[in-house]
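> Take this sequence and fold it.
(one chain, ligands or ions: 1)
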Amino acid sequence: MNYVSTRGVDHGLDFGAILLAGLARDGGLFVPESWPVLDLRAFERFAGGTYADVALEVMWPYVDGSSFDSDELGSIVADAYSTFDDPDVVPLRDLGDGLYLAELFHGPTLAFKDIALQLVGRLFDAELARRGQRVTIVGATSGDTGSAAIEACRDREAIDIFILHPEGRVSDVQRRQMTTVDAPNVHNIAIAGTFDDCQDLVKALFADTDFRDRRNLSAVNSINWARVMAQIVYYVRCAAQLGGGTQPVSFAVPTGNFGNVFAGYAAQRMGTPISQFIIGSNRNDILTRFLESGTMAMAGVKPTLSPAMDIQVSSNFERLLFELCNRDGARVAELMTEFRGERQFSVTADQLALLREHWDGACIDDDQTKKVIAATYEHYRVIVDPHTAVGLGAAQARRRDDGVPVVCLATAQPAKFPDAVEAAIGVRPALPDRLRNLLERDERFDSLPNDLAAVRDHIEGVLG
Ligand SMILES: *Cc1c(COP(=O)(O)O)cnc(C)c1O
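You can find the predicted model right below:
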């Protein structure tokens, strides 16, 4: 498989190249040149297959033609998903009423990003080793996503990772999930400042081209195609388990950057019979407003109970836009320039109508989120986290056909967001086994002032 950029200039790169590049040089996102299609037999196999077996078969066409061979991919996949604490990796839980929860939170950090990052960290390491290269990953976190990147990179030979967090402004559990990781290549930095300060420092480090090139700075950010690819697997597998590849299934997805639900679109293009995508947004509802009006318009970020979805722009939407524009990269580049300049762009009435054949969205605010957590507990005796509740609430509001099962993606373990859950149901969810004694483990991090030179010198000193 070769890859093209959504802005049409870069093309003809193989999987290894786009894995390490992340973003295309023309500013676009990489997508496969064509969508591989699964036959019915494959769905029959997938219905009873292990997660790792299905993952290898679904992902192989995207990797084929690169320096990875299928044995190597198979062992990386098996290793990545052996870190999950449920043997089924993504168990499907039947709530009743045709609603299902696909539990994406059994990885090391209890949130769905592990599914992609556990794989991508290992893919990076293998490709870098082959090329005799090293990278330095630098990132900032407000608390929710730093640990997934750290767990993905820990103990990887060719990677050093530095994660900046605002000192005293992340919860104890969140900080400890990062700072108790005992691996020589993991470096936590507490910055005397806010999350925005941390982000500005990271941007400034990347803007220092001399430092960036010398240390081969990189980010495993959510626009990397390999992350989307890893997420296609559970859409295909859930559909195979519920409908054998012949019966339609719908998905409800709590959405921020659009990476998760775009993987669902890819599964549909591969032949998975998905009849409806229901996007759940919190008050940061740029996507639901777009589905109503055909206009994508930025607004300021509002803090909510589902912080991993507090975003202004859904970067991965550009991949769907590319398809809506019949893969006309020049047109996508124009729309993106307009978006940056005027903070909005519109699609045509025909494009919107095409999209609405399968897509619906609902905005679920914090009040409704708490009500969904409470009602789910009352009716089904299941505790869901606030992100999952947004998807579930959207499913209940927008489901089109009661005869079609709806799989709601459960993106975080409720114990990751204990305050919101307790406020909704009066019960504080217990930390699962793998995080017991988190509060007793030794922490390791360095405290630095909010100062670019101090952070750069520190990184140089650690790398030697
Ligand atoms: C990242 C995240 C999401 C949003 O996923 P996108 O791919 O950005 O749409 C939802 N829930 C949780 C818990 C997350 O960490």
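> got the residues of the chain near the ligand?
111-113, 222, 254-260, 308-309, 387, 411-412 (Cβ under 6 Å from any ligand atom). In short, each C-beta sits where N, CA and C put it, glycine included.
> just those residues now: which is nearest residue 397?
The closest of these to residue 397 turns out to be residue 254 (Cβ to Cβ; 13.2 Å).
> residues touching the closest one, list them.
For residue 254, the residues meeting the contact criterion (Cβ atoms under 8 Å, 6 or more residues apart in numbering) are 260, 280, 306, 309, 387-388, 390-391, 394, 409, 411.
> again, only this time at 10 Å
Applying Cβ atoms under 10 Å, 6 or more residues apart in numbering, one finds that residue 254 lies in contact with 112, 260-261, 278-282, 306, 308-309, 364, 369, 385-394, 408-412.
> Sort out for me which of the residues you listed are in strands.
Within the contacts of residue 254, membership in strands is found for 278-281, 408-410, as judged by DSSP state E.
> Count residues in the vicinity of the closest residue to residue 380 other than its chain neighbours, would you?
Nearest residue to residue 380, sequence neighbours excluded (Cβ to Cβ, 6 or more residues apart in numbering): residue 95, at 4.7 Å. By other Cβ atoms under 10 Å, the residues close to residue 95 number 17.
> wait, is residue 95 part of a helix?
No - read with DSSP: H, G, I helix; E, B strand; the rest coil, residue 95 is strand and lies in no helix.
> re the thing from before, let's see if you can find the most crowded of the ones in strands among the contacts of residue 254.
Scoring the ones in strands among the contacts of residue 254 on neighbours with other Cβ under 10 Å, the highest-scoring entry is residue 280 at 33 neighbours.
> Dig out what that one forms beta bridges with.
Each beta-bridge partner of residue 280 is listed here: residue 254, residue 362, as defined by DSSP bridges.
> ok, the residue nearest to residue 380 to residue 360 distance?
Computed with Cβ to Cβ, to the nearest Å, the distance linking residue 95 and residue 360 is 20 Å.
> Backbone dihedrals for residue 356, please?
Backbone torsions of residue 356, given as degrees, to the nearest 10, read phi -70, psi -10.
> Just confirm it contacts residue 324, I think it does.
No - with the criterion set as Cβ atoms under 10 Å, residue 356 and residue 324 do not qualify as a contacting pair; they are 11.5 Å apart.
> more neighbours, those two?
Taking residue 356 and residue 324 together and counting by other Cβ under 10 Å, residue 324 has the greater number of neighbours (19 against 13).
> which residue sits closest to the more buried one, ignoring its sequence neighbours?
Counting by Cβ to Cβ, 6+ apart, residue 324 lies nearest to residue 351, which is 4.8 Å off, once chain neighbours are set aside.
> Surely the one you found touches residue 322?
No - the criterion here is Cβ under 10 Å, and residue 351 misses it with residue 322 at 11.8 Å.
> quick one: residue 378 and the ligand, what's the gap?
If you measure residue 378 against the ligand using Cβ to the nearest ligand atom, to the nearest Å, the figure is 23 Å.
> Give me the neighbour count for that residue.
Residue 378 sits with 9 neighbouring residues when counted by other Cβ under 10 Å.
> Repeat that for residue 379.
Count around residue 379 with other Cβ under 10 Å applied: 12.
> buried stuff in the helix or strand hosting it?
In the assignment (DSSP states H and E), residue 379 maps to helix 366-380. The neighbour-count check on helix 366-380 (16 or more other Cβ atoms under 10 Å) flags 366, 368-370, 372-377, 380 as buried.
> Also stretch 397-406?
Of the residues in stretch 397-406, those buried under the neighbour-count criterion (16+ other Cβ under 10 Å) are 397-399, 404-406.
> Could you work out the end-to-end span of it for me?
12 Å (Cα to Cα, to the nearest Å).
> quick thing: my sequence starts at 2, can you match it?
Happy to do that; since the first residue is 2 now, the last one works out to stretch 398-407.
> before we move on, the earlier item: more crowded one of residue 352 and residue 323?
Set residue 352 next to residue 323 and count neighbours by other Cβ under 10 Å: residue 323 wins out with 23 against 16.
> ok so the more buried one is a strand residue?
No - when the secondary structure is assigned by three-state DSSP, residue 323 falls in helix instead of a strand.
> OK, contacts around residue 43?
When the contact criterion is Cβ under 10 Å, 6+ apart, the partners of residue 43 are 50, 55, 58-59, 237, 241, 246, 271-272.
> Top of the residues you listed by number of neighbours, please.
Note: the member of the contacts of residue 43 with the most neighbours is residue 237, at 27 neighbours, neighbours being other Cβ under 10 Å.
> From what I see, that residue and residue 272 are in contact.
Yes - between residue 237 and residue 272 a contact is recorded at 8.8 Å, counting by Cβ under 10 Å.
> Please name the residues that touch the residue nearest to residue 381.
Neighbour list for residue 96: 102, 377, 380-383, 385, 393, 407, 409 [criterion: Cβ under 10 Å, 6+ apart].
> Just give the closest residue to the residue nearest to the spatial centre of the chain, not the sequence neighbours.
Compute the mean C-alpha point of the chain, and by Cα atoms, centre = their mean the closest residue is residue 114, 4.8 Å away. Nearest residue to residue 114, sequence neighbours excluded (Cβ to Cβ, 6+ apart): residue 149, at 3.9 Å.
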